[in-house]
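Asker: sequence first, predicted coordinates after that:
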Amino acid sequence: MTATPAEARARYRDGLVAPTTGHAPGFTQANLVVLPRDWAYDMLLFGQRNPQPVPLLDVTDAGSFRTTLAPDADLRTDLPRYRVWRDGELVDEPSEITGLWRDDLVSFLIGCSFSFETALLDAGVPVRNLEQGRNVSMYKTSTQCRPAGRLEGPLVVSMRPIPAGLVATAVQVTGRMPQVHGAPVHIGEPATLGVRDLAVPDFGDPVEIAPGDVPVFWACGVTPQAALMASRPPFAITHAPGHMFVTDVPDNAFRQP
């Protein structure tokens, strides 16, 4: 969907529910985690200790639904789909959360790999999930993140099939964007990460691998959701996987020379 970030957010606010990959190309997208203030330090520490899967772009004041990443946006209404968690269990997937908002909630905006897809395309690297009109594939791994306070859980990765001859280019391009997960954490055999079947992702859609493609895995901002499942805070809100917050910040703001 070719649109400005404000136009994309307006469409979500008006009821469009769709993965945001390819939406407002050229602008940074962000994962969202919302927790009570009592759990906010744990989340902040979790991001500090696990910067590749949890690169923090912004943290709001308690009760605020505004972010410097898009000052006119409303974090309660401007994502296409949310997830509501109670005691680590997913209880709802609404399209807005105004009625759930509380004065003690702190929002964390976390870098997203959708933000480097434009850079990959610019470098001539195909993005198969975009070609196939699908959400990216995401998997829980057997690698545990470094715990932080009450938060612990496994690393989650996203996978993109990359032509073998372009894997080095993909590594170089994404390695220059550490605030949106940076270089891959693994290339090749999924079983090394504890991923049994690429056709059955834990989150998102299965993406077909073309002949000559190699599975390439990046740390993923859904990792905090796996931590919520493992750590079971009494209440939390997140984005639904693949249904991100589209910011006003250009992708190239996070590209290093």
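Answerer: Right, received. Where do you want to start? Numbers count the residues shown, from 1 in each chain.
Asker: run through who's touching stretch 90-102.
Answerer: Residues from elsewhere that reach stretch 90-102 (Cβ atoms under 8 Å, 6 or more residues apart in numbering): 12-13, 15, 17, 34, 36, 63, 65, 76-77, 80-85, 237, 240. Where you see a C-beta, it was placed from the backbone N, CA and C, and this is true even at glycine.
Asker: again, 6 Å this time
Answerer: 17, 76-77, 81-84, 237, 240 (Cβ atoms under 6 Å, 6 or more residues apart in numbering).
Asker: likewise stretch 198-218?
Answerer: Outside stretch 198-218, the residues touching it (Cβ under 6 Å, 6+ apart) are 113, 128-129, 134-140, 157-164, 167, 181, 184-187, 190, 222, 241-242.
Asker: re earlier: out of the contacts of stretch 90-102, name the ones that lie in strands.
Answerer: Mapping the contacts of stretch 90-102 onto strands (DSSP state E) picks out 82-84, 237.
Asker: now the buried members of those.
Answerer: Among the ones in strands among the contacts of stretch 90-102, those classed as buried by 16 or more other Cβ atoms under 10 Å are 82-84, 237.
Asker: adding pLDDT and distance to Arg102, write these out as JSON lines.
Answerer: As requested, those are exported to JSON lines (pLDDT from 0 to 100; distance: Cβ to Cβ, whole Å):
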{"residue": "Tyr82", "pLDDT": "98", "distance to Arg102": "14"}
{"residue": "Arg83", "pLDDT": "98", "distance to Arg102": "17"}
{"residue": "Val84", "pLDDT": "98", "distance to Arg102": "12"}
{"residue": "Ile237", "pLDDT": "98", "distance to Arg102": "10"}
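Asker: now, which of the residues you listed sits nearest Ser107?
Answerer: Closest to Ser107 out of those is Ile237 (8.5 Å), distances taken as Cβ to Cβ.
Asker: next, the contact list for that closest one, please.
Answerer: 34, 82, 84, 97.
Asker: sec struct for Ala30, please.
Answerer: strand (DSSP: H, G, I helix; E, B strand; the rest coil).
Asker: quick thing: my sequence starts at 13, can you match it?
Answerer: Sure, I'll start numbering at 13, so the last one becomes Ala42.
Asker: count of neighbours near it?
Answerer: 29 (other Cβ atoms under 10 Å).
Asker: returning to what we had before: tell me which of the contacts of stretch 210-230 fall in helices.
Answerer: Within these, residues falling in helices by DSSP state H are 140-141, 179.
Asker: ok so, going back, buried subset of the contacts of stretch 210-230?
Answerer: Here, 16+ other Cβ under 10 Å leaves 125, 140-141, 146-152, 169-175, 179, 193, 196-199, 202, 234, 253-254 buried among these.
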